[in-house]
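Colleague: Build me a structure from this.
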Amino acid sequence: MVEEILVVPREHLVHQQVHGFARGPADYMIRIDRFASFRPREQVEEDPSFKQIIPYLIVKHTDRLFLFQRSAAGAEARLRGLFSIGVGGHINRGDVVGATDIIAAGLQRELDEELVIHGPWRARLVGVLNDDTNAVGRVHFGLVHVVDVESPDIAVRESDTLTGRMASREDVLAVRDRMETWSRLILESADPLTL
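Modeller: Numbering: from 1, shown residues only. Just a heads-up that it's a prediction; the model follows:
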């Protein structure tokens, strides 16, 4: 079965130069709603004329963030051992069939796939991420959500490829130099605890 993912033509999404994390996602959401479509992943995976839409989720409990670290066993060699303040993934057509809000449905699927969250949570869209300085970034566009959880009782679902724990601002900043690009870009522009 062909995997189809949500994409937007670059010319319709990135209408002005944006690099890193930017607040004010409303205009981008209008463009995604108007111009998004599902395309076979194999056709767009390395095609910078399309931006693959990625919900990027920062999990927060009061004054702490969930800090992730990729294991040495992870499939993506470029990410092994790196830390992150968020997780993200493609929105696949098969995961959002029948959904009235495909972004919310894709976000829910990603959260359920990566984490076990005990208790209620609420996701808020706080900004966007764009990085055209490398091949991977040129084909992805992040929708940054803060996921406020009522309980810090959270576990990583796939513990063979990912670990994680609730961390203070100081703990997060201590590993900033060993973070994935998107996490570093957010930390350069904002304090995620205040988003």
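Colleague: what ranges do the strands span in this structure?
Modeller: Ranges of strands within the chain are 4-9, 20-22, 37-40, 50-61, 64-70, 83-84, 87-88, 115-117, 121-130, 140-149, 154-156, 162-167, based on DSSP state E.
Colleague: so where's this structure shaky on pLDDT?
Modeller: 72-79 (pLDDT under 70).
Colleague: for it, what's the longest helix?
Modeller: helix 102-114 (DSSP state H).
Colleague: Could you give me the buried positions within it?
Modeller: Neighbour counts over helix 102-114 (16 or more other Cβ atoms under 10 Å) mark Ile102, Ile103, Ala105, Gly106, Leu107, Gln108, Arg109, Glu110, Leu111, Glu114 as buried. C-beta: built from backbone N, CA, C; applies to glycine.
Colleague: Pull the distance from it to the chain's centre.
Modeller: Here helix 102-114 is found 10 Å from its chain centre; the criterion is Cα atoms, centre = their mean, to the nearest Å.
Colleague: Remind me what that helix packs against, helices and strands.
Modeller: Counting contacts by 3 or more Cβ pairs under 8 Å, 6 or more residues apart in numbering; DSSP states H and E, helix 102-114 packs against strand 50-61, strand 87-88, strand 121-130, strand 140-149.
Colleague: wait, Glu158 sits on Asp112?
Modeller: No - in this structure, Glu158 is not within contact of Asp112 by Cβ atoms under 8 Å, at 11.7 Å.
Colleague: In contact with Glu45, which residues are there?
Modeller: Glu45 sits next to Gln52, Val139 when contact means Cβ atoms under 8 Å, 6 or more residues apart in numbering.
Colleague: Leu162 too?
Modeller: Phe68, Gln69, Arg70, Ser71, Gly74, Val87, Glu114, Val156.
Colleague: ok, these vs Val97, which is closest?
Modeller: When the contacts of Leu162 are compared for distance to Val97 (Cβ to Cβ), Glu114 wins out at 20.8 Å.
Colleague: could you measure the closest one against Ile154, distance?
Modeller: 10 Å (Cβ to Cβ, to the nearest Å).
Colleague: cool, Leu82 as well?
Modeller: To Ile154, Leu82 is 20 Å away according to Cβ to Cβ.
Colleague: cool, Asp101 as well?
Modeller: Distance of Asp101 to Ile154, given as Cβ to Cβ: 24 Å.
Colleague: repeat for Asp95
Modeller: In terms of Cβ to Cβ, Asp95 sits 22 Å off from Ile154.
Colleague: what do you get for His90?
Modeller: 23 Å.
Colleague: show me the residues around the residue most central in space within the chain that make contact.
Modeller: What sits nearest the mean C-alpha location of the chain, by Cα atoms, centre = their mean, is Tyr56, with 1.6 Å. Tyr56 makes contacts with Gly86, Val87, Gly88, Leu129, Gly142, Leu143, Val144, His145, Trp182, as judged by Cβ under 8 Å, 6+ apart.
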